[in-house]
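> could you look at this predicted model? Sequence included:
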Protein chains: 2
Amino acid sequence: MGFNYNEKQPVYGQLVDELRKQIKNNYKPNDKLLSEREIMRKYEVSRNTVREALSELENIGYIYRQHGKGTFVASWMDDTTKIGDEYSFTEQMKSLGRKPETKIIEMSERKADEYFSGKLRINVGDPIVKLKRLRLADGMPMMIDRTYLPAEKFENLSIYELETKQRSLYNVFLEDYGEKVRLADEMLSVGIISDKDADLLKIAPNSPGFMLRRTTYNHKNEIIEYTISSARGDQFVYNIKYKH
Amino acid sequence: MGFNYNEKQPVYGQLVDELRKQIKNNYKPNDKLLSEREIMRKYEVSRNTVREALSELENIGYIYRQHGKGTFVASWMDDTTKIGDEYSFTEQMKSLGRKPETKIIEMSERKADEYFSGKLRINVGDPIVKLKRLRLADGMPMMIDRTYLPAEKFENLSIYELETKQRSLYNVFLEDYGEKVRLADEMLSVGIISDKDADLLKIAPNSPGFMLRRTTYNHKNEIIEYTISSARGDQFVYNIKYKH
DNA sequence: CAGTGGTCTAGACCACGCC
DNA sequence: GCGTGGTCTAGACCACTGC
């Protein structure tokens, strides 16, 4: 019952996949899993490795542990709702059954100043691409994105792909540049939409809205995008789940 | 430079606190931390313990790691406020180094109507406890919580514990009623703070703020709390991480 | 090449829940 | 007492980065 040590994936990753499969097929919510020591013997790995795998399953909300009692299948495994939602506007709108549309208002190149060199973790003076986009759903203006990219990673970024073909930025990242998003980290605050933005969004001046700053990381933990957005306050509801 | 093994807190937890303090005082965003082996020698702990501490700091977004290069201070650490990974106001404020305080404005019992029976998954007519609280940080009014609890689960809830002793609601849930929070599900939107709330919060009328609705679940997937909150828009920043 | 984080092992003791 | 998860150690080798 051992694992392959020559795989690309580490042993604890293989264990995660194996346990996830088992939970899906053979367990019900609140069922008790094998104990750490039993898993250890069954798959011939050390307890540390077992605990790494279980910690990952705990983090994604598949299981919970109780000191002195055991490890159990999470109780909402029967719920259909997805935990950890979507950060892509295009995908968000599609999943809500609304038709997303993006208009590029500006695309330009500049040199990174102190601020953006820090935000993108590049050197001052390195070239960055600025992309300003108006996002609509079923024709209604929803939000404005100001995206800053390290130009060296995304040479020859094409307005045609983004606007005419209406591909999502993340789709272009992945399929045209091989940059896979691993983590998107968003800071969300409330503010009054600026007059200029309110005009583009076709809303009244001084309307409240969401201000978002998003940093996106690839698998090497490099920053591939920094975006500042203004979103209509009356059109968005955020769902946040805190798991313990 | 060693740690105390007889503390209530485990060694890696003490390390987390120590490193967090150091980062706050002596480091800037994107600075390189001591390597894992250096930390190991400096504090006389094993590398595993160091890595447990660093993983925790990574999870709460204080640091990031780069294979072959080192461990670095996260780039948002220049921001002053950040909320996320915590749904408890008390804990949030403590982790920001601010002194939390709670004033109970109202505590009453009533029978559940259609709306609250649905929100708490109880029968219409079952008793519920309403708790209205003003939350302050360093004496500044920050938010107003309206909390609804199934009265049968929380008999004899004590204002003394909550107000005089300033214990957090979740602490009382856990230690006095054995109800451990498994999941808090928050819906977050933007709105204008009502005049009545603006008065309590000592802010100008028509100020924008966060509107929150939170449902909290225990291990049996029962609902133990439903809370509606209004929070000052100028005092909160939410952090959301999307992992892929 | 040396130094870094990533993975893995074997073994130990502690704290908790239950009978 | 016994089995469970929680913490900790010492040591090993791998994979990646930068010189």
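Perfect, I can see it now.
> for the spatially most central residue of chain A, what are its contacts?
Residue closest to the average C-alpha location in chain A (CA atoms, centre = their mean): A:Ala184, at 4.1 Å. Contacts for A:Ala184 were tallied using CB atoms under 8 Å, 6 or more residues apart in numbering or on different chains; they are A:87, A:214-217, B:241-242, B:244. Where you see a C-beta, it was placed from the backbone N, CA and C, and this is true even at glycine.
> as a markdown table, those with distance to DNA strand C and pLDDT would be great.
Converted to a markdown table, the contacts of A:Ala184 look like this (distance: CB to the nearest atom of the strand, whole Å; pLDDT from 0 to 100):
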| residue | distance to DNA strand C | pLDDT |
| --- | --- | --- |
| A:Tyr87 | 22 | 71 |
| A:Arg214 | 22 | 92 |
| A:Thr215 | 18 | 91 |
| A:Thr216 | 18 | 91 |
| A:Tyr217 | 13 | 88 |
| B:Lys241 | 17 | 77 |
| B:Tyr242 | 19 | 77 |
| B:His244 | 16 | 60 |
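> out of those residues, which are buried?
Burial by neighbour count, judged by 16 or more other CB atoms under 10 Å in any protein chain shown, picks out A:87, A:214-217, B:242 from the contacts of A:Ala184.
> inside helices: which ones of those?
Using DSSP state H, no member of the buried ones among the contacts of A:Ala184 falls within helices.
> now, which of those sits nearest A:Leu157?
For these, the residue nearest A:Leu157 by CB to CB is A:Thr216; the value is 14.9 Å.
> so which of the buried ones among the contacts of A:Ala184 is the closest to DNA strand D?
A:Tyr217 (13.5 Å; CB to the nearest atom of the strand).
> surely the closest one meets A:Leu183?
Yes. Using CB atoms under 8 Å, A:Tyr217 is in contact with A:Leu183, at 4.5 Å.
> how about stretch A:133-151, does it reach DNA strand D?
No. Judged by CB under 7 Å from any atom of the strand, stretch A:133-151 makes no contact with DNA strand D; its nearest approach is 14.5 Å.
> that stretch close to chain B?
No. Using CB under 8 Å from any CB of the partner chain, stretch A:133-151 never reaches chain B; the gap is at least 12.3 Å.
> with stretch A:113-122 instead?
Yes. Judged by CB under 8 Å from any CB, stretch A:113-122 comes into contact with chain B through A:118-119, A:121.
> buried residues in that stretch?
For stretch A:113-122, by 16+ other CB under 10 Å, it's A:116-122.
> for those, which two are the farthest from each other?
Taking CB to CB, no two of the buried residues of stretch A:113-122 sit farther apart than A:Phe116 and A:Arg121, at 10.0 Å.
> tell me the mean pLDDT for the helix or strand where A:Phe116 lies?
Element membership of A:Phe116, judged by DSSP states H and E, is helix A:114-120. Mean pLDDT, helix A:114-120: 89.
> could you pull out the helices in chain A for me?
Using DSSP H, helices in chain A cover A:11-26, A:36-43, A:47-59, A:89-95, A:114-120, A:159, A:169-177, A:195-201.
> and the fifth one, how far out from the chain's middle?
Right, helix A:114-120. Distance of helix A:114-120 from its chain centroid, counting by CA atoms, centre = their mean, to the nearest Å, is 21 Å.
> output the contacting helices and strands for it.
strand A:140-150, strand A:223-232 (3 or more CB pairs under 8 Å, 6 or more residues apart in numbering or on different chains; DSSP states H and E).
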